[in-house]
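Engineer: Curious how this folds, go ahead:
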Amino acid sequence: MVPAILMLMSDPGSGERVLLVEDDDSLRLVLQKELGAMGFEVAVHASGAGAAERAAAFEPTVVLLDLHLPGVSGMDVLQAVRQHDPALPVVVFTGHGSVGAAVQAMQQGAFDFLSKPVSLDVLEQTLLRACEHVRLLRENEHLRRVAAHAAAGAESVAPLSPAAVELDRQIERVAAAEQSVLIQGESGTGKELVARRVHAGSRRGKGPFVVVHCGAIPRQLVESELFGHVKGAFSGADHKRLGLFEAADGGTLFLDEIGELPLDVQPALLRALQFGEVRPVGSDRARTVDVRFVAATHRDLAAAVRAGSFREDLYYRVAVLELHVPPLRERREDIAPLAEAFLAREAARARRRLSFDDAALRRFEQHAWPGNVRELENAVVRLGVLADGPAVTAADVERVVFGHARHVSPPSAEGLPTLDLKALEAMAIDAALRAHDGNKTRAAATLGIALKTLYNKLNARGAGDGGGA
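Structural biologist: So this is what the prediction gives:
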């Protein structure tokens, strides 16, 4: 007899792969049909024997596993699957009253458990959450590689200045704690890199690191982005959406430029921080999450509290621990090592020999670098392309970085493909993104606009998801 399953389904079309391991023929057929209707690509296996091998061959996004299987048990399958691919989420089925088995499965690494009978909406929500977990793991691994590559210069340099040495010491101590962290510093000082180091040095280092650019999210969508929404919660909400708080479960949520967060969203954020609870927009149920909260801002949040644009209770909840990233002008001993590390990276990219002479490095040290490490990095990138080399001289630095050669006259109207200002702006943005392989930070620097402005312009065009941060 097939257990009762409520026929409640939301949008199909996830396109992810599910391996169903279930020995009950009737239930297996029902679930195979319903999972297919949800949009999953489904493979089925009728016993524990050979299930791990089937998973290795099928390469599912998630495994749906009955724990009570004849012969090779579901627990044995779980262990074998986890041994082959520790990142593959396994959702286990247990019978009524088998809480002990479910707890044991979770201790063995199962992603979640469901009790039979299960409603289809709960099943679909759990599987989509598992798929989102996999996507975030892949994205985080990609971001780690990108961040490691992009920050190879900064991260590979041992700090020399007293300010940077002290920051390193504080990062190590703060990473080992579990409290919320507020990272303050001017734009371009590397606050996100500090946040990543806090995450990597914590017990959550292998969990997700989810970045939220507060200034880049349209005001009316902030709450939906952070907490998710249910289908039909508002116009355009045609499917369930997992919020970024839930996506960061077990890891770290990094809110970049938290000072840009709208005042009316701050109470919900405060509750999430205090109680670990999030309520998706349109839902009557709160969900519990285990997230460490790290925020960054270039603004003076204490002044924002006095001005009434930032909640005082949220400020004290966010700033349990604080890190201040010093501007480059306060750590001049680090300028030359950073510049040399950035140049070594650019030389490797261009497959050419490049080095600074002493006069070039002295010229770098004389500059105030108002744009901080980001400005220094962009300057070295330009030198890597435009310096005659292999020895980059002070004359090269003056010409390429501080000179007027890069300020070219605008083309005449006859040379423009269009006189439509929006079209020209879009062309300039696209050209900058292509020139920097989709890296928005560098593209914004090239265009001479703030990163937030670039995000807003891309979002207005509906193109905000492409490229690197």
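Engineer: Backbone dihedrals for residue 178, please?
Structural biologist: As for residue 178, its main-chain torsions (degrees, to the nearest 10) stand at phi -120, psi 0.
Engineer: what does the one 4 residues further on give?
Structural biologist: Its backbone dihedrals place residue 182 at phi -110, psi 120, with angles given as degrees, to the nearest 10.
Engineer: I'd assumed residue 316 was in contact with it.
Structural biologist: No - in this structure residue 182 lies outside contact range of residue 316 using C-beta atoms under 8 Å: 10.1 Å. Backbone N, C-alpha and C define where each C-beta goes, glycine included.
Engineer: got the buried residues for the helix or strand residue 432 falls within?
Structural biologist: Element membership of residue 432, judged by DSSP states H and E, is helix 421-435. Using 16 or more other C-beta atoms under 10 Å as the burial criterion, the residues of helix 421-435 that qualify are 426, 429, 432-433.
Engineer: Same question for stretch 104-111.
Structural biologist: 104-105, 110-111.
Engineer: Run through the strands of the stretch 101-250 of the chain in chain order.
Structural biologist: Residue ranges of the strands in the stretch 101-250 of the chain, as given by DSSP state E, counting those that start in this stretch, are 112-115, 181-184, 209-213, 228-229, 241-242.
Engineer: again, but for the stretch 251-400 of the chain
Structural biologist: 252-256, 277-278, 287-288, 292-297, 321-324, 355-356, 391-392.
Engineer: what pLDDT does residue 439 get?
Structural biologist: Per-residue pLDDT puts residue 439 at 77.
Engineer: can you pull up the bridge partners for it?
Structural biologist: Judged by DSSP bridges, the bridge partners of residue 439 are residue 468.
Engineer: what's the burial count for it?
Structural biologist: 18 (other C-beta atoms under 10 Å).
Engineer: next one: residue 284
Structural biologist: Neighbours around residue 284, by other C-beta under 10 Å: 7.
Engineer: before we move on, what about residue 315?
Structural biologist: Residues within reach of residue 315, counting by other C-beta under 10 Å, total 17.
Engineer: try residue 299
Structural biologist: Using other C-beta under 10 Å, residue 299 has 14 other residues around it.
Engineer: and what of residue 188?
Structural biologist: The number of residues packed near residue 188 is 23, by other C-beta under 10 Å.
Engineer: With the one 5 residues further on instead?
Structural biologist: By the other C-beta under 10 Å criterion, the neighbourhood of residue 193 contains 18 residues.
Engineer: go on, residue 330?
Structural biologist: Residue 330, neighbours per other C-beta under 10 Å, totals 12.
Engineer: Residue 297 versus that one, what's the distance?
Structural biologist: Residue 330 is 18 Å from residue 297, where distance means C-beta to C-beta, to the nearest Å.
Engineer: got it, and residue 102?
Structural biologist: Per C-beta to C-beta, residue 102 is found 42 Å from residue 297.
Engineer: the more surrounded of those two?
Structural biologist: Neighbours around residue 102 and residue 297, counted as other C-beta under 10 Å, are more numerous at residue 297. The numbers are 22 against 19.
Engineer: Tell me who's in contact with that one.
Structural biologist: The contact partners of residue 297, by C-beta atoms under 8 Å, 6 or more residues apart in numbering, come to 182-184, 257-259.
Engineer: if we go to 6 Å?
Structural biologist: Shown in contact with residue 297 (C-beta atoms under 6 Å, 6 or more residues apart in numbering): 257-259.
Engineer: ok, so of these, who is nearest residue 378?
Structural biologist: Of all the contacts of residue 297, residue 378 sits closest to residue 257, with 19.7 Å by C-beta to C-beta.
Engineer: Can you give me the neighbour number for residue 306?
Structural biologist: Residue 306 has 11 neighbours, counted by other C-beta under 10 Å.
Engineer: Correction: the previous question concerned residue 220.
Structural biologist: 9.
Engineer: For residue 319, give me the backbone phi and psi.
Structural biologist: phi -100, psi 40.
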